[in-house]
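**Student:** here is the input, now give the coordinates:
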Amino acid sequence: MIASRACQCQRTATLARSTSGPHVIASPNAEAVIRIPALLLVASLLITGCQNVRSIHAFIPDSAATNEDQLLGRWVGLGTKDSTLMTLVRRGPRGYMLSVGERASVAWLDARFARVGGKLLLDLRHTDSAGLGPETDDMMITTHMLVMIEHSKDRLLVRTLDDTRLTAALEGGRIRLSYTELGGDLILTGTTDELWGRARDLSAPDFWDDPTDELKLHRLASP
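**Tutor:** Next comes the predicted model:
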């Protein structure tokens, strides 16, 4: 299942390094290559399809990161009996790592939480820890993804950004951030400071999809 999703979700696209405007469409002469890793979201990439909103830079700065140790442990989706296992562990004072999958088929993600207006946001990207991240080269840019977490006792809801509604807000000026569209994905190109400055706007309820059953998680007991 994981290999199948990898084929369906992998993207290779070019991004023009232009400062002529907030919305830059890639050109044939673009200089940078973005390879969007196929496993860069919790269950929605592995099970329900591709997450279509990504960022070149982190959504959450180090200074805003929060401790969310109540979420440590193993989680699994409610949808089917073969739902993918996810495990959250500590990495540093306010950082975390999230493993998705089991045994030989595991993706390791760096995870950073922050709270905005009472909402819990989570920034995810493939880890840069030696031996755990994907193979990289000089032309690879690892992108970030933003999800919203709703926590109640031993249950989690994971919401993903809706690219259609967010694109409309960007085009209409409701949210002012630089972006481009590549291979069907919406790529935010603003700096971390710019993204964090719009975090309250991005956390508005109308930009987030309702979770599928696979993104409704329950905690597993310790083995």
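
**Student:** any idea of the mean pLDDT in the longest strand seen in the chain?
**Tutor:** Using DSSP state E, we find that the single longest strand of the chain is strand 105-116. Strand 105-116 comes out with an average pLDDT of 89.

**Student:** what of stretch 216-223?
**Tutor:** Stretch 216-223 shows a mean pLDDT of 82.

**Student:** ok so, going back, could you point out the helix or strand that follows the longest strand of the chain?
**Tutor:** Using DSSP states H and E, the helix or strand that follows strand 105-116 in sequence is strand 119-126.

**Student:** and the residue nearest to Glu68 when sequence neighbours are not counted, what is it in contact with?
**Tutor:** Nearest residue to Glu68, sequence neighbours excluded (CB to CB, 6 or more residues apart in numbering): Phe113, at 4.5 Å. Glycine gets a C-beta too; all of them are placed from N, C-alpha and C. Counting by CB atoms under 8 Å, 6 or more residues apart in numbering, Phe113 makes contact with Ile60, Ala65, Thr66, Asn67, Glu68, Leu71, Tyr96, Leu120, Leu121, Leu122, Asp123, Ile149.

**Student:** how about low-confidence regions in this structure?
**Tutor:** For the chain, the stretches with pLDDT under 70 are 1-51, 79-83, 102-104, 128-141, 213-214, 223.

**Student:** all the helices of it, in order from the start?
**Tutor:** Counting by DSSP state H, the chain has these helices, from start to end: 2-9, 43, 163-172, 192-197, 199-202.

**Student:** what about the nearest residue to Val147 once chain neighbours are set aside, how many residues nearby?
**Tutor:** Leaving out its chain neighbours, the residue that sits closest to Val147 by CB to CB, 6+ apart is Leu122, at 5.0 Å. Per other CB atoms under 10 Å, the neighbour tally for Leu122 reads 23.

**Student:** got phi/psi on Arg176?
**Tutor:** Phi and psi for Arg176, reported as degrees, to the nearest 10, are phi -100, psi 100.

**Student:** how many residues are close by it?
**Tutor:** Using other CB under 10 Å, Arg176 has 13 other residues around it.

**Student:** can I assume it is in contact with Arg198?
**Tutor:** Yes. With contacts counted by CB atoms under 8 Å, Arg176 reaches Arg198, the gap being 7.3 Å.

**Student:** how near is Asp162 to Pro205?
**Tutor:** Distance check for Asp162 against Pro205: by CB to CB, to the nearest Å, it reads 11 Å.

**Student:** more neighbours: which of the two?
**Tutor:** Neighbours were counted for Asp162 and for Pro205 using other CB under 10 Å; Asp162 has more, 18 against 8.

**Student:** how much space between that one and Gly77?
**Tutor:** Taking CB to CB, one finds Asp162 at 20 Å from Gly77.
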